[in-house]
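**Student:** can't give you the sequence, but here's the structure:
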């Protein structure tokens, strides 16, 4: 099996997850789609980071919409 080295980004980006109760607008809609798509009753920290840690808001909306189609 080929061993792949783990390459960390430099600098390591800061991640500031937004709690579900504080999400509004498009982010709240993305959270709802992720919960529905993954069958989760609440947003975990990983899912919050997935929704919030994107270069632009359209990417997190695409992720949410892909999960809503599941």
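**Tutor:** Perfect, I can see it now. Quick caveat, the model's predicted, so the values are computed rather than measured.
**Student:** residue ranges with poor pLDDT in the protein?
**Tutor:** For the chain, applying pLDDT under 70 flags the ranges 49-65, 69-70.
**Student:** what ranges do the helices span in it?
**Tutor:** According to DSSP state H, the chain carries its helices in the segments 25-38, 45-52, 57-68.
**Student:** So residue 48 sits against residue 17, correct?
**Tutor:** Yes - contact criterion CB atoms under 8 Å: residue 48 and residue 17 qualify, at 3.8 Å. Yep, even glycine has a C-beta here, placed from its N, CA and C like the rest.
**Student:** So for those two, which sits in the more crowded spot?
**Tutor:** residue 48 (21 against 18; other CB atoms under 10 Å).
**Student:** Contacts only, for the more buried one.
**Tutor:** 17, 18, 19, 20, 31 (CB atoms under 8 Å, 6 or more residues apart in numbering).
**Student:** Try it again at 6 Å.
**Tutor:** residue 17 (CB atoms under 6 Å, 6 or more residues apart in numbering).
**Student:** how near is it to residue 8?
**Tutor:** 21 Å (CB to CB, to the nearest Å).
**Student:** what does residue 29 give?
**Tutor:** From residue 29 to residue 8 the distance is 32 Å (CB to CB).
**Student:** okay, these two: which has more neighbours?
**Tutor:** residue 29 (17 against 6).
**Student:** Residue 68: how many residues sit nearby?
**Tutor:** Residue 68 has 15 nearby residues by other CB under 10 Å.
**Student:** Correction: the previous question concerned residue 10.
**Tutor:** Residue 10 has 6 nearby residues by other CB under 10 Å.
**Student:** And it, how far from residue 48?
**Tutor:** For residue 10 relative to residue 48 (CB to CB), the value is 24 Å.
**Student:** and if you look at residue 12?
**Tutor:** 18 Å.
**Student:** Same question for residue 11.
**Tutor:** Residue 11 is 22 Å from residue 48, by CB to CB.
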